[in-house]
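J.: sequence first, then the predicted structure, then my questions.
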Amino acid sequence: MERRLLDAALARALDLAEHGPLAGGNPRVGCVILDTAGGPLAEGWHRGAGTAHAEAAALAAVPAASRHRLTGAVAVVTLEPCRHTGHTPPCAAALDEAGVAAVIYAVADPHPVAAGGAAWLAAHGVTTLDAARAGLDPALVDRAHELLHPWTTAVRRGRPWLIGKTATSLDGRVAAADGTSRWITGPDARAHAHVVRAGVDAIVVGTGTVLADDPALTARGPDGRPAPHQPVRVVIGHRDVPDTARVRSGPGEWLHLRTHDLGAVLAELDRRGLRRVLLEGGPALLSAALRRGLVDELHAYVAPVLLGAGPGAVGDLGITTIADAARWRTRRTEQLGPDLLLVATAARPTTPGDPTTNRRATAPADPTTSRRATARARTATSPHPTTQGAA
Ligand SMILES: NC(=O)c1ccc[n+]([C@@H]2O[C@H](COP(=O)([O-])OP(=O)(O)OC[C@H]3O[C@@H](n4cnc5c(N)ncnc54)[C@H](OP(=O)(O)O)[C@@H]3O)[C@@H](O)[C@H]2O)c1
């Protein structure tokens, strides 16, 4: 099949994946199925935990009258199809049973339980290719890795992707000298912060922030109404959370973990399936997390306000000279009314799955051609053939 058709299918699958929810513990995945002539047959995306995976959604979208066109079809997926039975049956088996001859996926699944779909499909005679090795557009492959990076990183490491948030004055302060901090940033920045809250699984603060600000830690719309998804609210520290604290009364769950061990906190959140976590604490907590290298992404809201005194966003990180400065990689900037948002990620050495890793590969002549694909397209026969496809 022509590579431009596969590239277009991957681009579309990525657009679909972006419809998926950020929160909820599951990856954002899109799938496009092409018939033997390269025409779009169906598409789908994963709408969150407990709902059909992207491949199953795409298969279900094929009208009954067109199901014969699945024989010899090519599925282009942003994430390797799963091979396990969770809330839903394995996608690898569903694709095979439907008669799909080739599966191209952009990102390998690191999940210890769900991974292995590609090997399973290959063992069942389905041509199964990593998109980079198949010679698809490297920019699209990079986009897929970027999209899934927080999720794949969280799964691989066994701890959530941690986003640190600060709202500071131009001179880097998070509160005035008397401890008051409401409001440094304007309504647009605060509304944006609520959108971010609605896309995380948990919000973490220290007891210091609860006692100083009494935040509700809920995700709310501009009209003040709670967003449909509410993150778990987590307070850490030994001091008591007052009975009247607003954090106790919002919708959904809240937790008080009486510890200073941030590794243990993240392990507990991971155990609960919480993969995207927002750290909204004050300087004590953020500094502790930064010192331990636990922060993956920073959201810095900066207001054109000067305070001159008051606590800085981050305390001592043990850096004594400019050569040792912790330098971050700017991902994007955004103007929000009078304020600015800078999103940055930790500049660490590249690892497998890091969007900056070079994945360019030599392209085969036609990535979807194999004995199995040809046979399937020509004969439209057994759903369980035994021929080994290209790995
Ligand atoms: N502008 C902003 O973005 C922003 C955001 C949040 C807060 N603030 C401001 O920051 C101030 C509060 O600062 P803060 O630093 O006290 O708040 P914090 O970091 O949220 O809370 C600090 C408390 O967290 C507990 N804790 C848990 N694990 C810890 C660890 N590993 N290291 C250190 N402490 C740990 C400790 O409480 P125990 O003593 O109970 O163990 C500690 O006193 C307020 O003025 C608030 O308005 C500003």
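T.: Received the coordinates, thanks.

J.: which residues are contacting the longest helix along the chain?
T.: Identified as the longest helix of the chain according to DSSP state H is helix 138-157. With Cβ atoms under 8 Å, 6 or more residues apart in numbering as the test, helix 138-157 has contacts from 7, 10-11, 14, 17-18, 26-28, 78-79, 106-107, 110-112, 131-132, 160-161, 270, 275-276, 296-297, 353-355, 357, 359-360. Where you see a C-beta, it was placed from the backbone N, CA and C, and this is true even at glycine.

J.: among these, name the ones in helices.
T.: Of these, the ones assigned to helices by DSSP H are 7, 10-11, 14, 17, 270.

J.: residue 187 contacts residue 337, correct?
T.: Yes - applying Cβ atoms under 8 Å, one finds residue 187 in contact with residue 337, separated by 6.8 Å.

J.: helices of the stretch 151-300 of the chain, start to end?
T.: Listed in chain order, the helices of the stretch 151-300 of the chain (DSSP state H, counting those that start in this stretch) span 187-198, 207-213, 262-271, 283-291.

J.: how far out from the middle of the chain is the third one?
T.: Put plainly, it is helix 262-271. Offset of helix 262-271 from its chain centre (Cα atoms, centre = their mean, to the nearest Å): 18 Å.

J.: of the helices of the stretch 151-300 of the chain, which is nearest the ligand?
T.: Nearest of the helices of the stretch 151-300 of the chain to the ligand, taken as Cβ to the nearest ligand atom: helix 207-213 at 2.1 Å.

J.: so what touches the closest one?
T.: 175, 179, 181-182, 215, 235-242, 245, 247, 280-282, 284-285.

J.: circling back to that earlier point, sort out which residues of the longest helix of the chain are buried, please.
T.: 140-145, 147-155 (16 or more other Cβ atoms under 10 Å).

J.: mind putting the helices of the stretch 151-300 of the chain into TSV with distance to residue 220, mean pLDDT and mean neighbour count?
T.: Formatted as TSV, the helices of the stretch 151-300 of the chain follow (distance: least, Cβ to Cβ, whole Å; pLDDT from 0 to 100; neighbours: other Cβ atoms under 10 Å):
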stretch	distance to residue 220	mean pLDDT	mean neighbour count
helix 187-198	5	96	18
helix 207-213	15	95	20
helix 262-271	22	96	17
helix 283-291	22	96	20
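
J.: among the ones you listed, which is nearest residue 54?
T.: In terms of Cβ to Cβ, the element of those nearest to residue 54 is helix 187-198, at 22.0 Å.

J.: what does that closest one contact?
T.: For helix 187-198, contacts defined as Cβ under 8 Å, 6+ apart pick out 23, 163, 165, 167, 183, 185, 203, 217-222, 227-231, 278, 299, 301, 303, 334, 336-337, 339, 341.

J.: could you rerun that using 6 Å?
T.: Contact with helix 187-198 is made by 219-220, 222, 227, 229, 231, 301, 336-337, 339, as judged by Cβ atoms under 6 Å, 6 or more residues apart in numbering.

J.: hey, C-alpha coordinates of the longest helix of the chain in CSV?
T.: C-alpha atoms of helix 138-157 as CSV (Å, rounded to 0.1, in the frame of the first residue of the first chain):
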residue,chain,number,x,y,z
PRO,A,138,9.1,10.5,11.2
ALA,A,139,7.3,13.7,12.1
LEU,A,140,4.0,11.8,12.6
VAL,A,141,5.8,9.1,14.6
ASP,A,142,7.3,11.8,16.8
ARG,A,143,3.9,13.3,17.3
ALA,A,144,2.6,9.9,18.4
HIS,A,145,5.4,9.5,20.9
GLU,A,146,4.9,13.1,22.2
LEU,A,147,1.2,12.5,22.6
LEU,A,148,1.7,9.3,24.6
HIS,A,149,4.9,10.3,26.4
PRO,A,150,3.4,11.2,29.8
TRP,A,151,1.4,7.9,29.8
THR,A,152,4.2,5.7,28.5
THR,A,153,6.6,7.3,31.0
ALA,A,154,4.2,6.8,33.9
VAL,A,155,3.6,3.2,33.0
ARG,A,156,7.3,2.4,32.4
ARG,A,157,8.5,4.0,35.6
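
J.: now that helix: how far from the chain's centre is it?
T.: Distance, centroid of helix 138-157 to centroid of chain: 8 Å (Cα atoms, centre = their mean).

J.: same question, stretch 334-348
T.: Offset of stretch 334-348 from its chain centre (Cα atoms, centre = their mean): 18 Å.

J.: before we move on, what about stretch 336-351?
T.: Chain-centre distance of stretch 336-351: 16 Å, with Cα atoms, centre = their mean.

J.: touching the ligand at all, it?
T.: No - Stretch 336-351 lies apart from the ligand when judged by Cβ under 6 Å from any ligand atom; the minimum separation is 11.9 Å.

J.: report the buried residues of that stretch.
T.: Those would be 336, 339-346, for stretch 336-351 by 16+ other Cβ under 10 Å.

J.: what is the lowest-pLDDT residue among those?
T.: Taking these together, the minimum pLDDT is found at residue 346 (89).

J.: ok, that residue to residue 178 distance?
T.: Residue 346 is 33 Å from residue 178, where distance means Cβ to Cβ, to the nearest Å.

J.: same question, residue 225
T.: When residue 225 is compared with residue 178 (using Cβ to Cβ), they lie 32 Å apart.

J.: before we move on, what about residue 318?
T.: 29 Å.

J.: same check, this time on residue 347
T.: 36 Å.

J.: burial count for residue 3?
T.: Residue 3: 17 surrounding residues under other Cβ atoms under 10 Å.

J.: for it, give me the pLDDT.
T.: 91.

J.: next, give phi and psi for it.
T.: Residue 3 adopts backbone torsions of phi -60, psi -30, taken as degrees, to the nearest 10.

J.: the residue nearest to it when sequence neighbours are not counted in helix, strand or coil?
T.: Of all residues not flanking residue 3 in the chain, residue 135 sits nearest, at 6.2 Å (Cβ to Cβ, 6 or more residues apart in numbering). Here residue 135 is recorded as coil under DSSP: H, G, I helix; E, B strand; the rest coil.
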